[in-house]
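1. With the sequence up front, the predicted model follows.
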Amino acid sequence: MLRSPRTEAPGTTDPAPADSSAPRATRRPGPRRPGPRRLARAAFVASALSLCLVAASAPPEQLGIGDRLFPNLGNPGYDVAAYDLEFTYPGSNDKPLRAVTTIDAWTTARLEHVNLDFAHGDVESVEVDGEPATYARAGEDLVVTPQRPLPEGSWMRITVRHTSDPMPPEDGEGGWVRTSDGLAMANQADAGHLVFPCNDHPSDKAMFTIRVTAPDGYTAVANGLPAGVDRARGSTTWTYRTQHPMATELTQVSIGRSSVLHREGPHGLPVRDVVPTADRKALEPWLAKTPGQISWMESKVGPYPFETYGLLMAGATTGFELETQTLSLFEKDLFTEPGYPAWYVESIMVHELAHQWFGDSVSPRTWSDLWLNEGHATWYEALYAEEKAGRTLEARMKAAYGASDRWRAAGGPPALPKGPEPGQKISIFRPVVYDGAALVLFALREVVGRPAFERLERAWVTEHHDGVASTADFTRLAERVSGRDLAAFFDAWLYGTKTPPMPGHPDWKSQTPTPAKPARETPADRRGRP
């Protein structure tokens, strides 16, 4: 995710980042035993497993896996292998969609009840392994009680028939995004369960099949590759299927009066973009840049990690751009507003593209590991701007260093961020996990040297491809690749309340935090407003 407006370094009025240098399928996935990465996740939730071993007569309760920032997200006792999502769009983006969610999973404990994250929609029925099951609400959980307990290590299939409401809850945000001609999704950080029942935590990735039925005249596109189109009685059903596991927060479904544009990326990679049909010609020059940007990223970190890529340019005001897997969500106005310099727009495109490696292919084990996503995406955003537009990386990092103590005071250290503000769950996306985290990477490169740093980046996305990883995983790998003891370095840079001295730059100074003053308004500030 890249929030808009961006937080800028002191003295900048540029809308850019701080830089003082100027066919319908019917077969569902079969049983698949958890691999080593999934077993590792089981260890992460082991402390919470006892919560689900409650008596059948106990009242339903909301559970979670104990994430520090979102303690009620995720659920213990099972590991999802696959989701099958079916949505029927009524032709109006202010009315609920009819939906069916089917979840295939392995149990990792004996379960009397199965908790699903689901907070915004009506439930019509629930089945477990083809048999009717009872269900109840508990907070933001849907608590399902099968007819008989599920033993540990068993395969289960849960089918929920429900509605999916595009109108936001009074006390929530995210999920469906209403566009000028339909809908899109923005589920980060914890809004997937506002759209469909799920295990809504990035540590439990799964395969997805997504089917969308809409009236004629609409086009539906989702994550992954197309797997069939059925037309019947005035409506069309599109099926898409991922070829790599995906976190719930990265799910994307676009429904609109859209055009899907196709081109070829590196090594024959299919690139498809989704744009409002009326804006197709105006947006094409920007879309044509994507294959070259993919090649540039591959030159830095290795092969693109997924089966396809593209941009979804939505007629909506979201306040951010979002790296939904294989189909990144952008506000259309980013590309049509004349106030944005071309280099800035291109660097934002690269930010979301970089997330396909950092955050999507390698997903955070907990939300406190968010700095690994946003810090890396910001790093490559800035590096691209340096190489393509002369916007010096070192100057941007020096400006970030000047603001770093203020960012840490407001948002916490990069790897120990403060929790979200009440009612503003995306408020965890603060400057400290963007330029503040990129600053950590800059300092690391200064310490270990450019060759070791570049080896580390490639090793990170290779060794954790299609998996989840933590800050501890990154620090261990950095020590292994560099051959150095970096414990003191990472302790200070990732967890310190004050920014450590910048290696090799003793003249860099961080400003003492002071009460915030109103900033000068920029085009970027205006862009994020309703």
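-> Received the coordinates, thanks.

2. How about the residue most central in space within the chain: what's its closest non-neighbour residue?
-> By CA atoms, centre = their mean, the chain has its centre lying nearest to Leu250, at 4.5 Å. Leaving aside its chain neighbours, Leu250 sits nearest to Gln325 (4.1 Å; criterion: CB to CB, 6 or more residues apart in numbering). (Glycine included, C-beta is placed from N, CA and C.)

3. Check whether the one you found sits in a helix, strand or coil.
-> Assigned with DSSP: H, G, I helix; E, B strand; the rest coil, Gln325 falls in the coil class.

4. tell me the contacts of the residue nearest to the centre of the chain?
-> Counting by CB atoms under 8 Å, 6 or more residues apart in numbering, Leu250 makes contact with Asn187, Gln188, Asn223, Glu323, Thr324, Gln325, Asp360.

5. and with 6 Å instead?
-> Neighbouring residues of Leu250 by CB atoms under 6 Å, 6 or more residues apart in numbering: Thr324, Gln325, Asp360.

6. Likewise for Ser404?
-> The neighbours of Ser404, taking CB under 6 Å, 6+ apart as the test, are Gly436, Leu439, Thr499, Ser510.

7. and which of those residues is nearest Trp296?
-> Nearest to Trp296 out of the contacts of Ser404 is Leu439 (CB to CB; 22.3 Å).

8. got the contact list for the closest one?
-> By CB under 6 Å, 6+ apart, the neighbours of Leu439 are Met397, Ala400, Ser404.

9. let's see 8 Å
-> Met397, Ala400, Tyr401, Ser404, Thr499.

10. now those as CSV including secondary structure and distance to His355?
-> Shown next, in CSV, are the contacts of Leu439 (DSSP: H, G, I helix; E, B strand; the rest coil; distance: CB to CB, whole Å):
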residue, secondary structure, distance to His355
Met397, helix, 20
Ala400, helix, 19
Tyr401, helix, 24
Ser404, helix, 22
Thr499, coil, 25
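
11. If you rank those residues by neighbours, which is first?
-> Most neighbours among those, by other CB atoms under 10 Å: Ala400, with 29 neighbours.

12. Between the contacts of Leu439, which sits nearest Asp141?
-> Nearest to Asp141, judged by CB to CB, of these is Ser404 at 38.5 Å.

13. and that closest one, how far is that from Asp369?
-> Distance of Ser404 to Asp369, given as CB to CB, to the nearest Å: 19 Å.

14. Any stretches of this structure with poor pLDDT?
-> 3-58, 171-172, 423, 515-530 (pLDDT under 70).

15. in terms of contact, does Ala438 touch Tyr380 like I think?
-> No: applying CB atoms under 8 Å as the test, Ala438 and Tyr380 come out as separate, 9.1 Å apart.

16. In this structure Trp106 contacts Tyr78, no?
-> Yes: under the criterion of CB under 8 Å, Trp106 makes contact with Tyr78 at 6.4 Å.

17. Which residues are in contact with each of those two?
-> By CB under 8 Å, 6+ apart, Trp106 and Tyr78 have these common neighbours: Met156.

18. the more surrounded of these two?
-> Neighbours per residue (other CB under 10 Å) separate Trp106 from Tyr78, with Tyr78 holding more: 26 against 19.

19. Phi and psi next, for Phe358.
-> When read as degrees, to the nearest 10, the backbone of Phe358 gives phi -100, psi 90.

20. element containing the residue nearest to it when sequence neighbours are not counted?
-> Nearest residue to Phe358, sequence neighbours excluded (CB to CB, 6+ apart): His376, at 3.7 Å. Take DSSP states H and E as the rule and His376 turns out to sit in helix 370-389.

21. Same check on Thr163?
-> Per DSSP H and E, Thr163 falls inside strand 155-164.

22. Over to Leu283?
-> helix 280-287.

23. swap in Pro291?
-> helix 290-301.

24. Now that helix: buried residues?
-> Buried residues in helix 290-301, counting neighbours by 16 or more other CB atoms under 10 Å, are found at Thr290, Pro291, Gln293, Ile294, Trp296, Met297, Glu298, Lys300, Val301.

25. list the contacts for Gly192?
-> Asp117, Gly175, Cys198, Asp200, Thr248, Glu249, Thr251.

26. Restricted to helices, list those.
-> Among the contacts of Gly192, no residue falls in helices (DSSP state H).

27. State the pair within those residues that is farthest apart.
-> Asp117 and Thr251 (12.9 Å).

28. Just give the number of residues close to Trp155.
-> That count, for Trp155 with other CB under 10 Å as the rule, works out to 15.

29. List the beta-bridge partners for it.
-> Trp155 has these beta-bridge partners by DSSP bridges: Trp106.

30. quick one: it and Ala82 touch, right?
-> No: contact between Trp155 and Ala82 fails when scored by CB under 8 Å: they sit 11.0 Å apart.

31. joint contacts of the two?
-> Asp104.

32. Spit out the contact partners of Val253.
-> Listed by CB under 8 Å, 6+ apart, the contact set of Val253 reads Phe87, Leu183, Ala184, Met185, Ile210, Val212, Ala220, Val221, Ala222.

33. Can you check my assumption that the fifth one lies in a helix?
-> So the one you mean is Ile210. No: looking at Ile210 with three-state DSSP, it is strand, so not inside a helix.

34. give the contact list for it.
-> Leu85, Phe87, Ala222, Asn223, Gly224, Thr239, Tyr240, Arg241, Thr251, Val253.

35. can we see that at 6 Å?
-> Ile210 is in contact with Leu85, Ala222, Tyr240, counting by CB under 6 Å, 6+ apart.

36. Give the bridge partners for the last one, please.
-> With beta bridges defined as DSSP bridges, Tyr240 has these partners: Ile210, Pro226.

37. Tell me the spacing between Glu337 and Pro276.
-> Distance of Glu337 to Pro276, given as CB to CB: 15 Å.

38. Ok, Ser328 next?
-> According to CB to CB, Ser328 and Pro276 sit 16 Å apart.

39. neighbour count winner among those two?
-> Remark: of Ser328 and Pro276, Ser328 carries more neighbours, 26 against 20, as counted by other CB under 10 Å.

40. Which residue is the nearest non-sequential neighbour of that one?
-> Nearest residue to Ser328, sequence neighbours excluded (CB to CB, 6+ apart): Glu352, at 4.1 Å.

41. you'd agree the one you found is up against Phe320?
-> No: with contact defined as CB atoms under 6 Å, Glu352 does not reach Phe320; the gap is 10.0 Å.

42. So for those two, which residue has more residues nearby?
-> When Glu352 and Phe320 are compared on other CB under 10 Å, the one with more neighbours turns out to be Glu352, at 25 against 19.

43. quick one: that one is in a strand?
-> No: using three-state DSSP, the assignment for Glu352 is helix, not a strand.

44. May I have the residues that are in contact with it?
-> Glu321, Glu323, Ser328.

45. Report the separation between the closest residue in space to the second one that isn't next to it in sequence and Pro149.
-> Counting by CB to CB, 6+ apart, His355 is the residue found nearest to Glu323 once chain neighbours are left out, at 3.3 Å. When CB to CB is applied, the distance between His355 and Pro149 equals 40 Å.

46. Correct me if wrong: Tyr135 contacts Val126.
-> Yes: between Tyr135 and Val126 there is a contact at 4.7 Å, judged by CB under 6 Å.
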